[in-house]
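Engineer: when you get a sec, could you give me coordinates for this:
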Amino acid sequence: MDIITTSIQEIPATCLLYEWCNISAIRVLHVWNDVEVKRLVITMLDKNREKVLAFVPTNLVPLYSIVDLVGNVFSLNHFTSESLHIHPPMFEHYALCIKDWAIIIHHNTILTRLPDKFVENFPIYPLVSSITSLLQANTNRRMLIDVLGKIIWGVRINKPFLAYHLILLNEMGNIIHLYLNRIPYHRMVSVILAKHHQSIIYVSRVKLVHRPQLNNFLVSTTLSDFDIHPIMPEAQMINESLN
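Structural biologist: You can find the predicted model right below:
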């Protein structure tokens, strides 16, 4: 019998023993085609805004590549999970997720999209680390993280591609530098307006660059995406504390 769960936190204790598992609702945030390992790496989000990775093996990549995944909420049935202690998935030498395990998709795994009316209140954004904690992080572990902050300064960087150097502020008054690289042309106007209006920005999958005895900073990647004025509790907290 499959074990039914409602959140990511319940999965390791049940499925790491090679038991089949189901999760009632999970949102797909991002899909990356890992050409080196020949698999899809899917970033998923549960009802508690916790992230986890799911691996689609080579033989199933064509099937999942044609499905409209990103942004939608699904039930995921008949999967297992495995430890990532030895070989965590990396992008440009940075870990994709802080979790030490991942969901494994099988040929008999069933992914069923849930109707929009049933998932109106399902989270869109994951939990984000505070700028304060990112500044103080003194680990050499390289990882991609998500960040949220109010833009208080920005300047265009002279590079072969569109890029901005931004300074983000949190509700505690701490700041961190973010280098937003390779901005799509059709989104450049939104970045310029956000800088002008000192808007709140959410940026996903950025590199946390650690510098001993200096402040850490953030660099976006080709996997990064961003939203201006995201609707999430942390953004509301920044608005209330700074306005």
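
Engineer: what is the least confident helix or strand in the protein?
Structural biologist: The helix or strand of the chain with the lowest confidence, counting by mean pLDDT, DSSP states H and E, is helix 11-15 at a mean of 61.

Engineer: quick check: Arg141 touching Ala95?
Structural biologist: Yes. With contact defined as C-beta atoms under 8 Å, Arg141 reaches Ala95; the gap is 7.2 Å. In this view, the C-beta of every residue, glycine as well, is placed from N, C-alpha and C.

Engineer: can you work out which residues contact both of these two?
Structural biologist: Common contacts of Arg141 and Ala95 (C-beta atoms under 8 Å, 6 or more residues apart in numbering): none found.

Engineer: what about these two, which has more around it?
Structural biologist: Ala95 (18 against 10; other C-beta atoms under 10 Å).

Engineer: leaving out chain neighbours, which residue sits closest to that one?
Structural biologist: Closest residue to Ala95 apart from its sequence neighbours, by C-beta to C-beta, 6 or more residues apart in numbering: Met143 at 4.4 Å.

Engineer: which residues touch the one you found?
Structural biologist: Met143 neighbours (C-beta under 8 Å, 6+ apart): Tyr94, Ala95, Leu96, Cys97, Ile98, Leu208.

Engineer: how close does it get to Ser75?
Structural biologist: From Met143 across to Ser75, the span is 29 Å (C-beta to C-beta, to the nearest Å).

Engineer: just Met44 next, same as before
Structural biologist: From Met44 to Ser75 the distance is 12 Å (C-beta to C-beta).
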